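[1] What would the 3D arrangement of this be:
(chains A and B)
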Amino acid sequence: MNRELQLKLQAHLDGELPPAELGDITELLAHDQDAKALYMELQATRELVRGNELALKLTESREFYWSKIAREIDRNERTQTAPNRTRDFSWLRRWVLPLGGVAALTVLLAIALQAPSSSRSGLRLAEASELETTVDDTSMNSFRSESEGISVIWISSH
Amino acid sequence: MSTQTDKPPPSDEILVGSAQKGDMAAFEELVARHRDKIFARAFSIMRNEEEAIDLSQEAWVKGWQRLNQFHGDSSFVTWMTRIVINLSLDQLRKQKRHRTESIEQMEEDVGGVERQMPVVVVNPTARLEQSELRQTIDNAMAQLSAEHRTVLVLHEFEEMEYKQIAKTMGCSIGTVMSRLFYARRRLASLLAGLKREEQR
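    The predicted model follows:
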């Protein structure tokens, strides 16, 4: 008898065999002694187990057993209230952080856009460090501080 | 003269109704009534008293949290039993990740071992008292692997169908049939062995 037939025998015992296969298994049980013996063994084991579950009893007292459950329920309910508060903040966080990020980017962008123009003006000043004047007898001094980003030019006439 | 009779205890349905409204005392009464059954189911799967106590208590905590999901489609104790079974199976899965497969499991996976077992007459304990018989069967079940024992427990004690067992255990119906077959054959063999020892 192959494995498939054995499992079908068992399914028949448990009332789980499809009706279409019932005929074949009934036939097998009627003529095959091995199949019949196996079926009886499975049946006997099933009946033996079914009616004889060991009745176990907890040794812990009712109060002691319950106290741990009550404590855990209490603890869970307290931690469940905490996430609610966190959820309020999380709503705030969800909006404030991205908006803050966008604002910071805008400021940086504005600075970046301004920075080249000031450097350009710096360049213009540097380029204009040589000036021509129509006034006779004049002298001109210029000073450029790169660290301060300023240029000072003074013209003196004698 | 009127006779004073004791007030009958409230039914599970009444206690569940009160507990669903937040009555913790009603829930405690339900725990007291059914704690042995819930513990026993966890123990039948885990075979470890400490773990079974913890899992049964965890099941009661979950039961309280999900009480509003109980609509009375089954009895309250059946509903609670399903919770403890699921918790026990989760625990077994966690443990399985940390241990190597048992020889018994590997034998079954390879297939054919149960086919080679000789057919035995299962009447191992005809002269035993009911309590002794139960203890003997329990001892034999303890020798099965957790997977085989669980299928047997769900089928014979919880009277679940193959499909339900497959869903609960997260395996195919074919695996359930195979495990049940192996478990029954192994149990028959163990009980027959006990009978032989008894006759000596």
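
[2] use CA for all of it now, contacts and neighbours both
    Fine.

[3] tell me the mean pLDDT for the strand or helix carrying A:Ala112?
    A:Ala112 belongs to helix A:62-127 when assigned by DSSP states H and E. For helix A:62-127, mean pLDDT is 72.

[4] List the buried residues of whatever helix or strand B:Leu180 lives in.
    Per DSSP H and E, B:Leu180 falls inside helix B:173-199. By 16 or more other CA atoms under 10 Å in any protein chain shown, the buried positions in helix B:173-199 come out as B:173, B:176-192, B:194-195.

[5] now, which of those residues lie close to chain A?
    For chain A, the contacts drawn from the buried residues of helix B:173-199 by CA under 8 Å from any CA of the partner chain are B:Met177, B:Ser178, B:Phe181, B:Arg184, B:Arg185, B:Leu187, B:Ala188.

[6] ok, the third one to A:Leu54 distance?
    Here the distance between B:Phe181 and A:Leu54 works out to 22 Å (CA to CA, to the nearest Å).

[7] just to revisit the earlier point, of the ones next to chain A among the buried residues of helix B:173-199, which pair is most distant in space?
    Maximum pairwise distance among those (CA to CA): 16.4 Å, between B:Met177 and B:Ala188.

[8] Name the residues of chain B found near chain A, please.
    By the rule CA under 8 Å from any CA, the part of chain B lying against chain A is B:28, B:31-32, B:35-37, B:39-40, B:57-58, B:60-61, B:64-65, B:112, B:115, B:119-123, B:130-131, B:133-135, B:137-138, B:156-157, B:162, B:177-178, B:181, B:184-185, B:187-188.

[9] can we see that at 7 Å?
    Taking CA under 7 Å from any CA of the partner chain as the measure of proximity, chain B contacts chain A at B:32, B:36, B:40, B:57, B:60-61, B:119-122, B:134-135, B:137-138, B:156-157, B:177, B:184, B:188.

[10] Which among the residues you listed count as buried?
    Buried members of the residues of chain B next to chain A, counted by 16+ other CA under 10 Å: B:36, B:40, B:57, B:60-61, B:119-122, B:134-135, B:137-138, B:156-157, B:177, B:184, B:188.

[11] Low-confidence ranges, chain B, go.
    Scanning chain B for pLDDT under 70 picks out the ranges B:1-5, B:99-116, B:120-127, B:194-200.

[12] again, 90 this time
    Residues of chain B meeting the criterion pLDDT under 90: B:1-8, B:95-133, B:191-200.

[13] residue closest to the middle of it?
    Central residue of chain B (CA atoms, centre = their mean): B:Arg41, 3.8 Å from the mean position.

[14] any residues touching the helix or strand hosting that residue, and which ones?
    B:Arg41 belongs to helix B:24-46 when elements are defined using DSSP H and E. Under the contact criterion CA atoms under 7 Å, 6 or more residues apart in numbering or on different chains, helix B:24-46 has outside partners A:56-58, A:62, B:12, B:15-16, B:18-19, B:49, B:52-53, B:55-56, B:77, B:81, B:84-85, B:88, B:146, B:149-150.

[15] Let's see which of those end up in helices.
    Cross-referencing the contacts of helix B:24-46 against helices under DSSP state H gives A:62, B:12, B:15-16, B:18-19, B:49, B:52-53, B:55-56, B:77, B:81, B:84-85, B:88, B:146, B:149-150.

[16] From these, list the buried ones, please.
    Using 16+ other CA under 10 Å, the buried ones in the ones in helices among the contacts of helix B:24-46 are B:12, B:15-16, B:19, B:52-53, B:55-56, B:77, B:81, B:84-85, B:88, B:146, B:149-150.

[17] Give me every residue in chain A lying close to chain B.
    A:7, A:37-38, A:41-42, A:44-45, A:49-50, A:52-54, A:56-58, A:62, A:69, A:72-73.

[18] repeat that for 6 Å
    Residues of chain A found near chain B, taking CA under 6 Å from any CA of the partner chain as the criterion, are A:Leu38, A:Ala44, A:Arg50, A:Asn52, A:Leu54, A:Leu56, A:Lys57, A:Leu58, A:Ile69, A:Ile73.

[19] For the fourth one, which non-adjacent residue is closest in space?
    The one in question is A:Asn52. Counting by CA to CA, 6 or more residues apart in numbering or on different chains, B:Arg134 is the residue found nearest to A:Asn52 once chain neighbours are left out, at 5.2 Å.

[20] who touches B:Val77 in this structure?
    Residues in contact with B:Val77 (CA atoms under 6 Å, 6 or more residues apart in numbering or on different chains): none are found.

[21] swap the cut-off to 10 Å and go again
    Contacts for B:Val77 (CA atoms under 10 Å, 6 or more residues apart in numbering or on different chains) come out as B:Asp12, B:Leu30, B:Val31, B:Arg33, B:His34, B:Arg35, B:Lys37, B:Ile38, B:Ile83.

[22] Most neighbours out of those residues, which is it?
    Using other CA atoms under 10 Å in any protein chain shown as the neighbour test, the contacts of B:Val77 are led by B:Ile38, with 28 neighbours.

[23] State the distance from that one to B:Arg149.
    B:Ile38 is 17 Å from B:Arg149, where distance means CA to CA.
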